[in-house]
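A.B. asks: pasting the structure only:
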């Protein structure tokens, strides 16, 4: 899995991301991951494909930790 992502934030909360060349908009209320600096949220792309993402901050970069289909 390619872990590189681009994430957009509003008021320090994610509202969109690009992963594997697809843009996903956040479609629920993101939840902080308790054991590390990161977030879990649901996102949908332009084709209405929906996934749940766990993202984490590693240094200055955000990376994909897990994707749930």
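C.D. replies: Arrived safely, thanks for sending. The structure displayed is predicted, hence computed values, not measured ones.

A.B. asks: what's the distance between residue 17 and residue 56?
C.D. replies: Using C-beta to C-beta, to the nearest Å, residue 17 is found at 13 Å from residue 56. All C-beta spots, glycine's among them, are computed from the backbone N, C-alpha and C.

A.B. asks: Need the overlap of contacts for these two.
C.D. replies: Taking C-beta atoms under 8 Å, 6 or more residues apart in numbering as the contact rule, the neighbours common to residue 17 and residue 56 are residue 62.

A.B. asks: between those two, which one's more packed in?
C.D. replies: residue 17 (22 against 17; other C-beta atoms under 10 Å).

A.B. asks: how many neighbours does the closest residue to that one other than its chain neighbours have?
C.D. replies: The shortest distance from residue 17 to any residue other than its chain neighbours is 4.7 Å, reached at residue 7 (C-beta to C-beta, 6 or more residues apart in numbering). The number of residues packed around residue 7, counting by other C-beta under 10 Å, is 20.

A.B. asks: my guess is residue 7 contacts residue 13, does it?
C.D. replies: No - the pair formed by residue 7 and residue 13 falls short of the contact definition of C-beta atoms under 8 Å, at 10.4 Å.

A.B. asks: what's the burial count for residue 43?
C.D. replies: Taking other C-beta under 10 Å as the neighbour definition, residue 43 ends up with a count of 23.

A.B. asks: Tell me the bridge partners for it.
C.D. replies: Under the criterion DSSP bridges, residue 43 forms beta bridges with residue 26, residue 51.

A.B. asks: who touches it in this structure?
C.D. replies: 16-17, 24-27, 50-53.

A.B. asks: how many neighbours does the residue lying closest to residue 49 once chain neighbours are set aside have?
C.D. replies: Leaving out its chain neighbours, the residue that sits closest to residue 49 by C-beta to C-beta, 6+ apart is residue 22, at 7.8 Å. Here the number of neighbours of residue 22 (other C-beta under 10 Å) works out to 13.

A.B. asks: ok, residue 22 - contacts?
C.D. replies: 45-46, 49 are the contacts of residue 22 under C-beta under 8 Å, 6+ apart.
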